[in-house]
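Asks: Any chance you can model this:
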Amino acid sequence: MRKRAAVLCGTAVVVAGTFTAVPADASAPQTTHATQTVQAAQPTWKKCGTADYPTLQCASLKVPLDHAHPRGKQITLALSRVPHTAKKYQGPLLVNPGGPGGSGLTFAGFIASGLPKAVAAQYDVIGFDPRGVGASKPALNCKPGHFKPVRPDSVPSTPAIERADLKRAQSFAAACGRKYASVLPYIDTISAVRDMDSIRQALGARRINYFGYSYGTYLGAVYAKLFPHQVRRLVLDSIVDPTGVWYDDNLAQDYAFNDRHRALMAWIATYDSTYKLGTDPEKIEAEWYAMRAALARKPADGKVGSSELEDTFIPGGYYNGYWPYLAEAFAAYVNDKNADPLVEAYENFGAVDTSGDNGYSVYTSVQCRDASWPRDWRQWQKDNWDVYEKAPFMTWNNAWYNAPCAFWPTNALSPVNIANGKLPPALLFQATNDAATPYEGGATVHRLLARSSLVVERGGGNHGITLSGNTCLDKYLTGYLTDGKVPRGGGEADAVCEALPDPKPLASKAASTSSRGATLHKLLGTRG
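Replies: Next comes the predicted model:
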């Protein structure tokens with residue numbers, strides 16, 4: 001799982017002028033509901049615009065809690081829309097920012113504003129809060145304040161620390177079981193996919209277009225597997241490996257995040273004149289772990305202990321735009337004995353608020369239900385200590401984040417084999433050094449989705465790469481959404497774009513990163 005796209009380091013597979021088009025589709029909304037037992041009511045849209053996205057509209061939709069019993073208990077999905085304005089209408093474009101547990105309401109505005117106006121105008125861009133999330137009802141919040149600082153050290157170096165961390169994981173799973181016993185069996189990817197098809201039917205569309213990031217790529221791939229003839233266009237960015245959901249995928253992340261953390265240390269080393277932490281990345285990394293040990297003994301401001309420090313720096317593995325802020329906080333703590341910037345960085349990047357509690361509740365509910373996890377804690381111990389020896393940065397923090405699945409109160413479903421030969425051409429985007437969804441996920445899905453095309457960002461380490469400043473990537477996205485064209489190459493990748501440069505220190509005039517990149521990564525969040 002740790003290999004990178006070595007094939008891309010030789011001859012770049014860049015395509016110019018060779019395309020395959022998606023079959024034409026009657027793009028006007030349809031009114032038939034042949035596959036639905038109970039016809040979904042059409043949404044009633046109301047204005048809910050914001051300063052950033054003034055044309056947003058909102059609605060709600062009732063769907064069955066259990067799709068096997070469509071006339072049974074109903075739950076409510078929150079929807080958003082940026083309506084099409086062009087004469088040429090290409091249907092609804094459902095968008096999802098990942099998670100599981102990410103809210104998609106504002107995300108519709110981001111996508112619509114990020115695409116060229118002439119392209120966005122041809123679609124109804126549809127956002128939605130998946131079941132259990134945000135403004136959908138019921139919204140899960142299993143144990144408010146679960147991440148309140150200061151938590152036990154994530155590394156279980158003593159039996160007492162391990163017992164404390166285990167107690168937290170067990171108590172969270174038990175709290176979810178007590179509060180949501182009747183709901184948890186239906187919080188899973190397959191149920192969310194069936195909700196998506198209910199949205200399609202309520203919109204009166206024969207087929208949908210879909211654009212998902214991160215976990216949203218798995219959601220889209222599963223939708224395409226269950227409803228292949230309802231898919232018109234499919235865009236997946238930063239792709240989950242569907243063969244590892246979810247235990248193995250999380251272990252694979254640990255290696256990749258360790259690599260990204262070391263990339264941050266190397267970046268700091270190149271700016272010794274700014275941060276004064278030295279020019280040797282290994283020594284800077286050792287200084288970071290010394291800071292971690294010091295915070296384990298004495299948390300900064302009673303808020304940032306060793307686990308909270310990891311929470312603060314993990315977002316840097318998702319998005320390098322955070323590196324200058326993390327580096328400044330690191331340098332202030334080491335050089336000036338000033339913890340204030342570190343506390344501020346924790347509050348900006350690591351702290352969990354009420355929406356974060358909701359997101360984590362849905363995250364665990366979906367991942368623990370989607371697939372089997374080891375129920376014997378000794379397996380977790382063995383696997384995570386083995387990984388920790390090679391990749392210490394995030395291994396145990398990630399293990400405890402997912403540990404409630406060892407004690408989850410519902411039985412597990414089987415992962416979905418997303419292999420699919422029934423789809424029109426799909427467009428995939430993947431960075432070679434993505435930590436949250438390592439490169440192999442994109443390559444695997446490319447193989448599993450017949451007629452798909454893979455666009456690779458060579459040297460990129462960010463998670464979520466389109467609509468964030470890379471015009472090369474966005475050219476392929478725009479072309480596909482305009483007329484269904486995808487690049488066709490002859491190798492593992494169908495097209496290759498070079499990554500954007502890493503950011504500069506904040507003191508530099510060129511310090512700021514792409515504002516759209518920063519906005520995207522706030523919407524995508526972390527752990528998704």
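Asks: which parts of the helix or strand containing L219 are buried?
Replies: Here L219 sits within helix 215-226, counting by DSSP states H and E. Using 16 or more other CB atoms under 10 Å as the test for burial, helix 215-226 gives 215-225. The C-beta positions use only the backbone N, C-alpha and C, and glycine is treated the same way.
Asks: ok, those residues vs S198, which is closest?
Replies: Checking these against S198 with CB to CB, the nearest one is Y223 at 11.6 Å.
Asks: Is that closest one in contact with D197, as I believe?
Replies: Yes. Between Y223 and D197 a contact is recorded at 7.3 Å, counting by CB atoms under 8 Å.
Asks: show me what contacts A371?
Replies: By CB atoms under 8 Å, 6 or more residues apart in numbering, the contact list for A371 reads 245-247, 412-415.
Asks: Redo these as a markdown table? Include secondary structure.
Replies: Shown next, in a markdown table, are those (DSSP: H, G, I helix; E, B strand; the rest coil):
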| residue | secondary structure |
| --- | --- |
| V245 | coil |
| W246 | coil |
| Y247 | helix |
| A412 | coil |
| L413 | coil |
| S414 | coil |
| P415 | coil |
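Asks: Of those residues, select the buried ones using a PyMOL command.
Replies: To isolate the buried subset of the contacts of A371 in PyMOL, counting by 16+ other CB under 10 Å, use the following:
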select buried, resi 245+246+247+412+415
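Asks: Dump the contacts of A371 into a markdown table; add pLDDT and distance to T279 as well.
Replies: Below are the contacts of A371 laid out as a markdown table (pLDDT from 0 to 100; distance: CB to CB, whole Å):
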| residue | pLDDT | distance to T279 |
| --- | --- | --- |
| V245 | 97 | 41 |
| W246 | 98 | 40 |
| Y247 | 98 | 39 |
| A412 | 97 | 49 |
| L413 | 98 | 51 |
| S414 | 96 | 51 |
| P415 | 96 | 46 |
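Asks: Ranking helices and strands of this structure by mean pLDDT, which lands last?
Replies: strand 19-20 (a mean of 32; mean pLDDT, DSSP states H and E).
Asks: Helix or strand: which one has the nearest residue to A41 once chain neighbours are set aside?
Replies: What sits nearest to A41 in space, not counting adjacent residues and going by CB to CB, 6 or more residues apart in numbering, is A202, at 6.6 Å. In this structure, A202 sits in helix 189-203 according to DSSP H and E.
Asks: avg pLDDT for that helix?
Replies: When pLDDT is averaged along helix 189-203, the result is 98.
Asks: quick one: that helix to helix 215-226, angle?
Replies: Angle of helix 189-203 versus helix 215-226, following axes from the mean of the first three to the mean of the last three CA atoms, to 10 degrees, is 70 degrees.
Asks: now for helix 189-203, which elements pack on it?
Replies: With contacts taken as 3 or more CB pairs under 8 Å, 6 or more residues apart in numbering; DSSP states H and E, helix 189-203 sits against strand 57-64, strand 74-82, strand 92-96, strand 124-129, strand 208-214, helix 215-226, helix 354-370.
Asks: CA atoms only for that helix, dumped as CSV, please.
Replies: The C-alpha coordinates for helix 189-203 follow below in CSV (Å, rounded to 0.1, in the frame of the first residue of the first chain):
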residue,chain,number,x,y,z
THR,A,189,-23.1,3.5,2.7
ILE,A,190,-25.6,1.4,1.0
SER,A,191,-28.5,3.1,2.8
ALA,A,192,-27.0,6.5,1.8
VAL,A,193,-26.7,5.4,-1.8
ARG,A,194,-30.4,4.4,-1.8
ASP,A,195,-31.1,7.9,-0.4
MET,A,196,-29.3,9.3,-3.4
ASP,A,197,-31.5,7.4,-5.7
SER,A,198,-34.6,8.7,-3.8
ILE,A,199,-33.2,12.2,-4.5
ARG,A,200,-32.8,11.4,-8.1
GLN,A,201,-36.4,10.3,-8.3
ALA,A,202,-37.7,13.3,-6.4
LEU,A,203,-35.9,15.5,-8.8
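Asks: about what we covered before: kindly reformat the buried residues of helix 215-226 as CSV and extend each row with distance to D188 and pLDDT.
Replies: Below are the buried residues of helix 215-226 laid out as CSV (distance: CB to CB, whole Å; pLDDT from 0 to 100):
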residue, distance to D188, pLDDT
Y215, 12, 98
G216, 15, 98
T217, 16, 98
Y218, 12, 98
L219, 11, 98
G220, 15, 98
A221, 15, 98
V222, 10, 98
Y223, 13, 98
A224, 17, 98
K225, 14, 98
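Asks: Make JSON lines out of these and add distance to N96.
Replies: Output for the buried residues of helix 215-226, formatted as JSON lines (distance: CB to CB, whole Å):
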{"residue": "Y215", "distance to N96": "8"}
{"residue": "G216", "distance to N96": "3"}
{"residue": "T217", "distance to N96": "9"}
{"residue": "Y218", "distance to N96": "10"}
{"residue": "L219", "distance to N96": "6"}
{"residue": "G220", "distance to N96": "7"}
{"residue": "A221", "distance to N96": "12"}
{"residue": "V222", "distance to N96": "12"}
{"residue": "Y223", "distance to N96": "10"}
{"residue": "A224", "distance to N96": "13"}
{"residue": "K225", "distance to N96": "16"}
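Asks: Run through the strands of the protein in chain order.
Replies: Counting by DSSP state E, residue ranges of the strands within the chain are 19-20, 46-47, 57-64, 74-82, 92-96, 124-129, 208-214, 231-239, 427-431, 453-458, 486-487, 495-498.
Asks: out of everything not next to it in sequence, what's closest to G134?
Replies: Using CB to CB, 6+ apart, the closest residue to G134 is S103 (4.0 Å).
Asks: what about the one you found, neighbour count?
Replies: 26 (other CB atoms under 10 Å).
Asks: Next up, the contacts around it.
Replies: 97, 129, 133-135, 355, 359.
Asks: From these, pick the one nearest A120.
Replies: When these are compared against A120 (criterion: CB to CB), the nearest one is P97, at 16.9 Å.
Asks: per-residue pLDDT, that closest one?
Replies: pLDDT, P97: 98.
Asks: Next: S508.
Replies: So S508 comes in at 53 (pLDDT).
Asks: Low-confidence stretches in the chain?
Replies: For the chain, the stretches with pLDDT under 70 are 1-39, 508-514, 528.
Asks: so which of the helices and strands packed on helix 189-203 comes closest to A493?
Replies: Here helix 215-226 is closest among the helices and strands packed on helix 189-203 (CB to CB), at 16.6 Å.
Asks: The closest one vs strand 427-431, what angle?
Replies: 150 degrees.
Asks: between helix 215-226 and strand 208-214, how many degrees?
Replies: 140 degrees.
Asks: helices and strands around helix 215-226, which ones?
Replies: strand 92-96, helix 189-203, strand 208-214, strand 231-239, helix 439-448.
Asks: can we see that at 6 Å?
Replies: helix 189-203, strand 208-214, strand 231-239 (3 or more CB pairs under 6 Å, 6 or more residues apart in numbering; DSSP states H and E).
Asks: Let me have these in a markdown table, adding distance to T519 as columns.
Replies: Output for these, formatted as a markdown table (distance: least, CB to CB, whole Å):
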| stretch | distance to T519 |
| --- | --- |
| helix 189-203 | 24 |
| strand 208-214 | 13 |
| strand 231-239 | 15 |
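Asks: for those, which one sits closest to A518?
Replies: Judging those by CB to CB, what sits closest to A518 is strand 208-214, at 15.1 Å.
Asks: Direction included, what does that closest one pair up with?
Replies: Sheet pairing of strand 208-214 (DSSP bridges) gives strand 92-96 (parallel), strand 231-239 (parallel).
Asks: which residues sit against it?
Replies: 91-98, 200, 219-220, 232-238, 464, 524, 528 (CB atoms under 6 Å, 6 or more residues apart in numbering).
Asks: Stretch 194-202 too?
Replies: Under CB under 6 Å, 6+ apart, the answer for stretch 194-202 is 33, 36, 40, 42-43, 61, 63, 67, 77, 131, 208, 223, 227.
Asks: and it, how far out from the chain's middle?
Replies: Put simply, stretch 194-202 sits 22 Å off its chain's centre (CA atoms, centre = their mean, to the nearest Å).
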